[in-house]
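S.K.: Give me a model of this one.
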Amino acid sequence: MWSSLPWSYWLGFALVLWLMIDLVRGQAYLWYPYHRQKQPLMYWLTMLLWGVVAASCFVYPHWPFL
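M.R.: Numbers count the residues shown, from 1 in each chain. The predicted model follows:
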């Protein structure tokens, strides 16, 4: 069962795990570390970006043009 999952799902699981860890720690990285308490706007924008990238990994196998 697990071996039949597309590679993009595995990448998506890893990114979701990374997202959860960053939520618990309150620190996210893009090019620079952003702290939830010090830079809340950039922190949440970074979390949103990583969330969209993670979600796209689960949509990837179902893109109609591939």
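S.K.: wait, isn't G12 in contact with A54?
M.R.: Yes: contact criterion C-beta atoms under 8 Å: G12 and A54 qualify, at 5.3 Å. Glycine gets a C-beta too; all of them are placed from N, C-alpha and C.
S.K.: Show me where the protein dips below the pLDDT cut-off.
M.R.: Along the chain, segments meeting pLDDT under 70 span 1-3, 60-66.
S.K.: Now do the helices in it.
M.R.: 7-25, 40-59 (DSSP state H).
S.K.: Can I get those in TSV including distance to W31?
M.R.: Converted to TSV, those look like this (distance: least, C-beta to C-beta, whole Å):
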stretch	distance to W31
helix 7-25	15
helix 40-59	10
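S.K.: Looking at the ones you listed, spot the one closest to Y34.
M.R.: helix 40-59 (4.4 Å; C-beta to C-beta).
S.K.: list the buried ones in that closest one?
M.R.: Going by neighbour count (16 or more other C-beta atoms under 10 Å), the buried part of helix 40-59 is 42-43, 46-47, 50, 54, 57-58.
S.K.: what sits against R36?
M.R.: If you count contacts by C-beta atoms under 8 Å, 6 or more residues apart in numbering, R36 has them with 26-28, 43-44.
S.K.: Now do P33 against L48, distance only.
M.R.: Distance, P33 to L48, by C-beta to C-beta, to the nearest Å: 17 Å.
S.K.: I appreciate the help and will end here.
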